[in-house]
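> Sequence isn't available, so here's the structure alone:
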């Protein structure tokens, strides 16, 4: 038995408008109500409030009987339930448990929420629902309509006869030439077909309005070493001009949980998080975005060693993933580690520190990932994102405020000289199944703060992990407006350069001075020992020419123990003594 038609039924339940609208939402709403379009594309930066805008349109169209039901199409199962919860707060009942097998829902609902995959698996069933009642279809993150031919064909078949279609996206650009259904393309000055938004609200506009937080990127470089299956050893420095293969392997080596780079960056990120929590953002949370489940679990173990508390781990195939995200969002735990699950649309407003520990590098994925940290809650909040110092990511970070459209027939990343397919190919296992050796083996990488990127500008000069100079950048106050942040970064850079001119190699503290103050906290002692060890490693590097990572690796092989960031007081003292003996 199908759902009843409402063409001549009683008026739909009164639907409140929900939360007050922001300026951009009011302008877009006014444009929509004035033009009454069949199709409308709203492009708004992640964190700007696309869901609120979409629900307000739904409320207006339900109230004036333009439509009788709502269908929301979202990219993931988690976002289905998030849409349903947001709609409920706005007085709109949406069934996020709707299934293709039943094909219907209770008449108490104003509509349903489904995924693109769900529509693609049975487009005719959704077409029947759409034709039977006047329907508003909200296509959330519409760029997913080009993810697969079946997805694009599915939504075109299912919703071609919808009364109204509202397309929403924060990133209307892709790395391929798949045209997105229900999106208008017009030729640009170069004759290329470019997507045309009916209303656009970019990151720079949202930043000026205080709708999103400013993002400070802390880019970490360092020497990476690996061995090929032929036994040849190579080393390369992240951030330097390298071939695609070298960049991919140095990048992968840095992200290896068994090396020194990741633990050092996680220690720095946790220091930054603690600073934010102590200086005005007491519930600030951090997110590590990992490439796969194995590394995610390894990163979580490392964080446990650093913080003494197990982080929340979110894996895409975990049926409790949505519940874990919701619990983390409502709580005040410090860290969450996820694999892609927390990448787009997932709303955890208290996330303020991120570690981009993945090799994904498309503009689409990067923008969506950074979008998890930009939602503004109060004036002065900033976000800090730690990332590998590789050209493609540095370029994306410096262009965060650039407005992009979806362009057909033109590579979006030609200027970077870097391509995701080439990166993936370089990272693939090339040997035949059953061979013992891999295409290459990570030998280790050390971490150095390479630069700080803010508002498209770069600040600071390279400094090793654990140094006082790094601590100056990690200790930036938690609440700063854009001008204050820019001025403070300039001052930090100036002080850094002045200090290097005055004293390029500050003396390391002696073991005797370390033991002078018996009341010194363990945390302070660990910090001092790491700083001393890194200073000695830097001195040894200048004397021998060996990469920092190679020296750290040799010390670990000689003395045993975990990476520097996780080493105990005794282990650090042993490494310092060993290095002094060299």
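Thanks, I have the structure now. Bear in mind the structure is a predicted one, so any value in this text is a computation, not a measurement.
> The residue lying closest to residue 125 once chain neighbours are set aside and residue 165: what is the separation?
What sits nearest to residue 125 in space, not counting adjacent residues and going by Cβ to Cβ, 6 or more residues apart in numbering, is residue 103, at 5.3 Å. In this view, the C-beta of every residue, glycine as well, is placed from N, C-alpha and C. Using Cβ to Cβ, to the nearest Å, residue 103 is found at 21 Å from residue 165.
> neighbour-wise, which of the two wins?
When neighbours are counted by other Cβ atoms under 10 Å, residue 103 and residue 165 differ, and residue 165 comes out ahead with 23 against 14.
> hang on, that one packs against residue 183?
No. If you go by Cβ atoms under 8 Å, residue 165 and residue 183 don't touch, sitting 10.2 Å apart.
> Residue ranges in the stretch 151-300 of the chain under the pLDDT threshold?
For the stretch 151-300 of the chain, the stretches flagged by pLDDT under 70 are 172-177.
> redo that, cut-off 80
When residues are selected by pLDDT under 80, those of the stretch 151-300 of the chain lie in 171-179, 188-192, 239-241.
> What is the burial count for the closest residue to residue 185 other than its chain neighbours?
Distances taken as Cβ to Cβ, 6+ apart put residue 193 closest to residue 185, at 4.1 Å, once the chain neighbours are dropped. Using other Cβ under 10 Å, residue 193 has 18 neighbouring residues.
> now residue 193: how far from residue 149?
18 Å.
> same deal with residue 250?
35 Å.
> What count of nearby residues applies to the closest residue to residue 441 other than its chain neighbours?
Among residues not flanking residue 441 along the chain, residue 227 sits closest, at 4.7 Å (Cβ to Cβ, 6+ apart). Around residue 227 there are 15 other residues, counting by other Cβ under 10 Å.
> Correct me if wrong: residue 227 contacts residue 235.
No. Look at residue 227 against residue 235 with Cβ under 8 Å: they stay out of range, at 10.4 Å.
> still on that earlier bit, I'd assumed the residue nearest to residue 441 was in a strand, is it?
Yes. Counting by DSSP: H, G, I helix; E, B strand; the rest coil, residue 227 is part of a strand.
> Tell me the bridge partners for it.
With DSSP bridges applied, residue 227 shows beta-bridge pairing to residue 233, residue 441.
> residues touching residue 355, list them.
Going by Cβ atoms under 8 Å, 6 or more residues apart in numbering, residue 355 touches 265, 266, 269, 286, 287, 288, 289, 385, 386, 387.
> which residues touch the last one?
The one in question is residue 387. Residue 387 makes contact with 217, 218, 219, 220, 355, 356, 393, 397 under the criterion Cβ under 8 Å, 6+ apart.
> helix, strand or coil for the first one?
It stands for residue 217. Per three-state DSSP, residue 217 ends up strand.
> Now do it against residue 241, distance only.
20 Å.
> now do the third one
Taken as Cβ to Cβ, the spacing of residue 219 relative to residue 241 amounts to 15 Å.
> More neighbours: those two, which one.
residue 219 (25 against 9).
> if I pick the more buried one, what's in contact with it?
Contacts of residue 219 (Cβ under 8 Å, 6+ apart): 239, 387, 388, 389, 393, 394, 397, 449, 450, 451, 452, 453.
> Show me where the stretch 301-450 of the chain has its helices.
Assigned by DSSP state H, counting those that start in this stretch, the helices in the stretch 301-450 of the chain fall at 321-330, 363-370, 391-398, 420-427.
> Confidence-wise, which of the ones you listed is weakest overall?
Between those, the one with the least mean pLDDT is helix 420-427; it has a mean of 38.
> what about residue 119, helix or strand, and which?
helix 116-121 (DSSP states H and E).
> List the buried residues of that helix.
Buried residues in helix 116-121, defined by neighbour count with 16 or more other Cβ atoms under 10 Å: 116, 117, 118, 119, 120.
> Which of those residues sits closest to residue 134?
For the buried residues of helix 116-121, the closest approach to residue 134 (Cβ to Cβ) belongs to residue 119, at 18.6 Å.
> name the helices or strands packed onto whichever strand or helix holds residue 249?
Element membership of residue 249, judged by DSSP H and E, is helix 244-254. If contacts are counted by 3 or more Cβ pairs under 8 Å, 6 or more residues apart in numbering; DSSP states H and E, helix 244-254 sits against strand 215-228, strand 233-238, helix 261-278, helix 420-427, strand 440-445.
> Report the inter-axis angle for that helix versus strand 215-228.
100 degrees (axes from the mean of the first three to the mean of the last three Cα atoms, to 10 degrees).
> Just the angle for helix 244-254 relative to strand 233-238, thanks.
90 degrees.
> just use 50 as the starting number from now, easier for me
OK, 50 is where the count begins now, so the last one is helix 293-303.
> helix, strand or coil for the residue nearest to residue 174?
The three-state label given to residue 152 by three-state DSSP is coil.
> Kindly confirm whether my reading is correct that it touches residue 173.
No. Checked against Cβ under 8 Å, the pair residue 152 and residue 173 is beyond contact range at 10.3 Å.
> Report the contact partners of the nearest residue to residue 436 once chain neighbours are set aside.
Leaving aside its chain neighbours, residue 436 sits nearest to residue 405 (4.0 Å; criterion: Cβ to Cβ, 6+ apart). By Cβ under 8 Å, 6+ apart, the contact set of residue 405 is 338, 415, 418, 434, 435, 436, 437, 442.
> And the helix holding residue 298, what's buried?
Residues of helix 293-303 classed as buried by neighbour count (16+ other Cβ under 10 Å): 295, 296, 297, 298, 299, 300, 301, 302, 303.
> Determine how far the strand or helix carrying residue 127 lies from the middle of the whole chain.
Residue 127 is part of helix 126-138, with elements assigned from DSSP H and E. Helix 126-138 sits 21 Å away from the centroid of its parent chain (Cα atoms, centre = their mean, to the nearest Å).
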